[in-house]
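[1] Below are the sequence and a predicted model; questions follow.
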Amino acid sequence: MHKVLVVDDDKVLQDSVKSALEYHNFQVDVADNGKEAVNAVTTSKYDLVVMDVNMPEMDGIEALQHIKQYDPTIIVIILTAYSNVGDAVKAVKEGAYNYLEKPISSENLVALIKRALKARSLVETSLFSAPALSLGGTNDDKFVGQSDEMKKVFNVIQKLAQVNTPVLIRGESGTGKELVAKAIHFNGPRKDEKFVTINLAAIPDNLIESELFGHEKGAFTGASERKIGKFQFADGGTIFLDEIGDVSPTMQVKLLRALQEKTFTPVGSNRDIKVDVRVIAASHKPFEEMIKLGTFREDLFYRLNVLPVYLPPLRERKSDIPHLVDYYIKYFNDVHNLNIQAPTDDALELLKGYKWPGNIRELRNVIEHCFIIESGDQIKVSSLPDIVKKNATSKTEDREEKDESIIDIKQIKDSVLDEVKSVPLGKSQFNIQLKIDDSKGEQTDLDFQVAKEEFEREFIVQALRINKGKINQTALKANIPKKTLLRKIEKYVINPKDYY
């Protein structure tokens, strides 16, 4: 039985909604204002919150922010008067699932709640595994993750699955960008239509246009017959453009037209073809830098980047490693008809201490390697690849490395060479003042720890300023793990809002 919290200071409406939901077999609690709602959510588990906007003590918008910060997976539906629809739209931007205008129709509310719960149930049941949702392919991968980082990704996927906007998925190679695209498609209204994938980096530049938009017979040498492109083939469904950062500026213009007008022209043709296709794109490229260099169109980037999805690398979600290892052990047991159990504690510690430059794809290959090497019934240290055994760090070493992750030691070292050393950082200068006794050539007031912390703080300030105070963008662009960035911001009492 799903548990729902109804929040409204109007007792009549509160009772009416409560009765309607109980009639449809929901377990219902009530709260009179936003403050009570936040307290209730933090002390009890709810699947969904139905909440008014205008309430005493704490309004619905502020309560929503607190609720989503505490648990991003809770579905929140906002109730609002017609005159306050603007507040409801703002609430949706803050993470609400949807809103209903008063007076409330019990049938509409129940239908909306059931749709929201069904969408979340589909995703959670499969752990955001598109193959588990009958894709017609092989069940060789699942989207597994229980870390806070992945819960945020899942929350964004849940929102994107219900709309039709273009999507840009960003993340390192091997993080599962195609699985995100499939999760969005197969949990949305286009799930019964085609999902078409094309890796743009694997196609020669002179053939990309033909692959995407098709060509007429005789359009170029070798075009012996007419060909339908991927956009036309995917009509009504979704097209996944992997590695979109690799396409040429000329091709970017044509993609932008297809996105904006839903229209394209096959190579060698004079006729326009109109299609209804949802575009999901992905890349590991640094788009902000490419835009500055003129290698990627800014208008195409913002057309795709409506609600971006950033997939964290495996090294930033290490709490998921045991779950992923368990999943792949079960998978390869089925594939190879074996019965290998969980890894030994020592082997698991090495797996958690490795940096995983190849991310999920590399982890999958490592587990398969162990299945080939291991002759017993458990993955041991001896069955792990040498690269994992040689490059895994202990918990202490890992913690120390994270602390140093945004420090350029060479710059700090160089700063000791002169009485005053300036270290360039963006458009500003960071100055470390050092006192030197010229007569003896000895330092009289030189503290590495102080210099390091000064440099750290200035680096973060400049990175936030460049990225207008946006935490995710700063972490991605400055190559700082998000947790490290937040910890340093708190340590140095930096307010990101100062740089909006």
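    Ah, there it is.
[2] Under the pLDDT cut-off, which ranges of the chain? List them.
    Low-confidence segments of the chain (pLDDT under 70): 82-83, 119-146, 394-450.
[3] Show me how the record splits it into domains.
    3-124, 148-311, 314-392, 403-499 (automatic domain parsing).
[4] Provide a list of residues in contact with Ser382.
    Ile373 (C-beta atoms under 8 Å, 6 or more residues apart in numbering). C-beta here means a position set from N, CA and C on the backbone, and glycine is covered the same way.
[5] Against Lys35, how distant is it?
    57 Å (C-beta to C-beta, to the nearest Å).
[6] Equivalent analysis for Gln252, please.
    Taking C-beta to C-beta, one finds Gln252 at 49 Å from Lys35.
[7] Kindly report the same for Phe154.
    Taking C-beta to C-beta, one finds Phe154 at 28 Å from Lys35.
[8] Looking at those two, which is more packed in?
    Phe154 (21 against 18; other C-beta atoms under 10 Å).
[9] any idea which helix or strand carries the more buried one?
    helix 148-161 (DSSP states H and E).
[10] So which other helices or strands are in contact with that helix?
    On a contact count with 3 or more C-beta pairs under 8 Å, 6 or more residues apart in numbering; DSSP states H and E, helix 148-161 meets helix 106-125, helix 177-186, strand 309-311.
[11] now the second one: how far from the chain's centre is it?
    Just to be clear, that refers to helix 177-186. 12 Å (C-alpha atoms, centre = their mean, to the nearest Å).
[12] Next, the buried residues of the helix or strand that it is followed by.
    Helices and strands here follow DSSP H and E; after helix 177-186, the next one along the chain is strand 195-199. The neighbour-count check on strand 195-199 (16 or more other C-beta atoms under 10 Å) flags 195-198 as buried.
[13] residues in contact with strand 195-199?
    135, 178, 181-182, 185-186, 211-212, 230, 233-234, 237-243.
[14] Listing partners with orientation, what would you give for that strand?
    Strand 195-199 sits in its sheet next to strand 238-242 (parallel), going by DSSP bridges.
[15] helices or strands next to the helix or strand that the strand it pairs with is followed by in the packing?
    Going down the chain from strand 238-242, the next helix or strand is helix 249-261, by DSSP H and E. Counting contacts by 3+ C-beta pairs under 8 Å, 6+ apart, helix 249-261 packs against helix 205-213, strand 263-264, helix 298-304.
[16] Between the ones you listed, which one is closest to Lys352.
    helix 298-304 (34.4 Å; C-beta to C-beta).
[17] Please compute how far that closest one lies from its chain's middle.
    18 Å.
[18] Throw the helices and strands packed on helix 148-161 into JSON lines and include mean neighbour count and distance to Gln65, thanks.
    Converted to JSON lines, the helices and strands packed on helix 148-161 look like this (neighbours: other C-beta atoms under 10 Å; distance: least, C-beta to C-beta, whole Å):
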{"stretch": "helix 106-125", "mean neighbour count": "16", "distance to Gln65": "19"}
{"stretch": "helix 177-186", "mean neighbour count": "25", "distance to Gln65": "25"}
{"stretch": "strand 309-311", "mean neighbour count": "22", "distance to Gln65": "20"}
